[in-house]
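[1] Sharing a model that was predicted from the sequence below.
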Amino acid sequence: EAEVAQSPRYKITEKSQAVAFWCDPISGHATLYWYRQILGQGPELLVQFQDESVVDDSQLPKDRFSAERLKGVDSTLKIQPAELGDSAMYLCASSSREGKTNEQFFGPGTRLTVL
Amino acid sequence: GENVEQHPSTLSVQEGDSAVIKCTYSDSASNYFPWYKQELGKRPQLIIDIRSNVGEKKDQRIAVTLNKTAKHFSLHITETQPEDSAVYFCAAARIRQAGTALIFGKGTTLSVSS
C-alpha cells in the first residue's frame, strides 16, 4: 500500500541553525499539507499546497519558515534559524482530489529537537 | 477561524466497556469531521469520518454521531480491547476544491486495561 514518505525521521540541531525536512506524498495526490505537532497536542496546519501552488500559509511563521513544492510532487519545509520553541513533530500529509474521499494520509513525521 | 474542543483529555476503561469522546466546533460552515488514532511513535491514521449531511456513521465497533445544531460530534467505541489504547484526535474542516485543511482537537489518551 502506498504511503507518504518523510525524511529525516529525527533531527537534532542547535538553535540558530538551519534545518530542512522532505516529504514525498502518495503518487497522484494533488494536495499536500505540512502540520506541526507539539508534544501532547493535536497537529496544527502550517501550509497547504494544491499541486505546486500554496493554498494556505496563514499559520506559517514566514520570518523563519519556508516551504516549496516546485514540481507539484515532493515538498521541502525549511526553518532558518531554528529556535528552541520549534522542537516538535513535523507531519506531512497528502490527499487526492479524485473520488468522494477527503481522507488525508499522514507520513511518519520528522521529530525535531532544537538544543 | 475554526476552533475544536475535545474532552476528556484522558480516559481509562476496562476491556469490554464502551468509550465515548466528545468534540465541539465553532465554525458552522465546517462540513467534514474525521477521527484519527495515533499510537505511540506512529503516524495518525483515519479510523472513521462523517460529513455534515449524515447524522451517524458506524463501522464495526466504532461509531460517530454528529449534531449540527449543537455543533458537536462524538466517537463511540464499543467492546474496547487493549489494542484500542492510543491517542484519538477529532478534527473539523470545510471541504474545498483545493483541499481540506483539518483543525484538530488536543487529543484524548485512551487506556484500555485487561
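    All right, it came through fine. Numbers count the residues shown, from 1 in each chain, chains lettered A, B, ... in the order given.
[2] quick one: contacts for the residue lying closest to B:His72 once chain neighbours are set aside?
    Nearest residue to B:His72 in three dimensions, chain neighbours excluded: B:Thr24, at 4.4 Å (Cβ to Cβ, 6 or more residues apart in numbering or on different chains). For glycine as for every other residue, the C-beta is placed from the backbone atoms N, C-alpha and C. B:Thr24 sits next to B:4-5, B:70-72 when contact means Cβ atoms under 8 Å, 6 or more residues apart in numbering or on different chains.
[3] and the closest residue to A:Leu45 other than its chain neighbours, which of the three is it?
    Among residues not flanking A:Leu45 along the chain, B:Ala101 sits closest, at 5.0 Å (Cβ to Cβ, 6+ apart). Following DSSP: H, G, I helix; E, B strand; the rest coil, B:Ala101 is assigned to coil.
[4] distance of the residue nearest to B:His72 from chain A?
    Using Cβ to the nearest Cβ, to the nearest Å, B:Thr24 is found at 14 Å from chain A.
[5] The residue nearest to A:Leu45 and A:Val19: what is the separation?
    When Cβ to Cβ, to the nearest Å is the yardstick, B:Ala101 and A:Val19 sit 24 Å from each other.
[6] who has more neighbours, these two?
    Per other Cβ atoms under 10 Å in any protein chain shown, whichever of B:Ala101 and A:Val19 has more neighbours is B:Ala101, with 22 against 19.
[7] just the strands in chain B please.
    Remark: strands assigned in chain B by DSSP state E are B:4-7, B:10-14, B:19-25, B:32-38, B:45-51, B:56-59, B:62-67, B:72-77, B:86-92, B:103-104, B:108-113.
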